[in-house]
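1. kindly return the folded structure for what I paste below:
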Amino acid sequence: MNQRSANKRSESDNLAERWRGAFGDAYVDRNAESETHVSQRVAAFRDIFKHLDAAPPQTILEVGCNVGINLRALRVVSDAALSAIEPNRKARDLLIENEILDKGCLYDSTGSDLPFADESFDMIFTSGVLIHIEPENLEATYREIHRASKRFILTMEYFSPHPEVVSYHGHDNMLFKRDFGGLWLDLFNDLEPVANGFFWKRTTGLDNLNWWLFQKT
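-> Residues are numbered from 1 along each chain as shown. You can find the predicted model right below:
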């Protein structure tokens, strides 16, 4: 292995620890919740959940919830029991302090190692999380989410038709764009597309997110 490959492998190995440490703490500070942010997410989830009116999920897990903006929005649009995983301790402390989640519903973990039995949740979703998983670990995260989901999988991420790496706050190998929806269909033949869409920042205030909703058949 040449030195460049070794350095890239080392950075990849340390990626999860970056999110647990000072880099993740800075992300928490940048993404402090506000009523505006929550209301934007409420509108987004209402748009998505209208496709689930016939059978709304009763249990939902967010993979990588940060300070809980999505969870607060979901409490407005859904009666589901909410749980989350979040590797950053500062974010977890805020979630408990602000009473967004009970301690028993919040887990210190990552998407590639979910501490749940098979089909534990009606829906599992990510929002701006898969983009921060290095490509060599992405499939493991997909397989864990698929394993622990009973009915629905929702992915809200940046889109690119081809895999690409984007510099992120001065760091390389920290943000990866691709067709995240297409990868679900490439990996699992028991997933059926329910709906998909795009939240345009100019009209929604969200950060130009594509979303894909799948159901297990």
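2. got the contact list for V166?
-> Neighbouring residues of V166 by Cβ atoms under 8 Å, 6 or more residues apart in numbering: 175-177. Quick note: C-beta positions are derived from backbone N, CA and C, even for glycine.
3. can you check T126 too?
-> 62-64, 111, 145, 154-157.
4. mark which of those residues are part of strands, please.
-> Counting by DSSP state E, these place 62-63, 154-157 in strands.
5. find the residue at the geometric middle of this structure.
-> T126 (2.1 Å; Cα atoms, centre = their mean).
6. pretty sure it belongs to a helix, no?
-> No. If the criterion is DSSP: H, G, I helix; E, B strand; the rest coil, then T126 is strand and not within a helix.
7. from V42, how far off is it?
-> With distances taken as Cβ to Cβ, to the nearest Å, T126 is found 18 Å from V42.
8. so after the lowest-mean-pLDDT helix or strand in the chain, what's the next helix or strand?
-> Of all helical and strand segments in the chain, the minimum by mean pLDDT, DSSP states H and E falls on helix 3-13, at a mean of 40. Next helix or strand after helix 3-13 toward the C-terminus (DSSP states H and E): helix 15-20.
9. ok, residues contacting that following helix?
-> Helix 15-20 is contacted by residues 24, 27, 87-89, 110, 132-134, 137, 173-174 when judged by Cβ under 8 Å, 6+ apart.
10. at 7 Å instead, please
-> Here helix 15-20 makes contact (Cβ atoms under 7 Å, 6 or more residues apart in numbering) with 24, 87-88, 110, 134.
11. please identify which pair of those lies farthest apart.
-> N88 and E134 (17.3 Å; Cβ to Cβ).
12. okay, those two: which has more neighbours?
-> N88 (22 against 17; other Cβ atoms under 10 Å).
13. from what I can see the more buried one touches N31, true?
-> No. Here N88 lies out of contact with N31, judged by Cβ atoms under 7 Å, at a distance of 10.8 Å.
14. what about stretch 161-175, distance to the chain center?
-> 17 Å (Cα atoms, centre = their mean, to the nearest Å).
15. restricting to C-alpha, output that stretch in PDB.
-> Extracted in PDB, the C-alpha atoms of stretch 161-175 (Å, rounded to 0.1, in the frame of the first residue of the first chain):
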ATOM      1  CA  PRO A 161     -25.600  10.700 -10.200                       C
ATOM      2  CA  HIS A 162     -22.000   9.600  -9.700                       C
ATOM      3  CA  PRO A 163     -20.100   9.100  -6.500                       C
ATOM      4  CA  GLU A 164     -18.000  12.200  -5.600                       C
ATOM      5  CA  VAL A 165     -16.100  13.600  -2.600                       C
ATOM      6  CA  VAL A 166     -16.700  17.200  -1.500                       C
ATOM      7  CA  SER A 167     -14.500  19.300   0.700                       C
ATOM      8  CA  TYR A 168     -16.300  19.800   4.000                       C
ATOM      9  CA  HIS A 169     -15.300  22.700   6.300                       C
ATOM     10  CA  GLY A 170     -11.700  22.400   5.200                       C
ATOM     11  CA  HIS A 171     -11.600  18.600   5.500                       C
ATOM     12  CA  ASP A 172     -11.200  16.000   2.800                       C
ATOM     13  CA  ASN A 173     -13.000  12.600   2.900                       C
ATOM     14  CA  MET A 174     -15.700  13.900   5.200                       C
ATOM     15  CA  LEU A 175     -18.600  14.400   2.700                       C
END
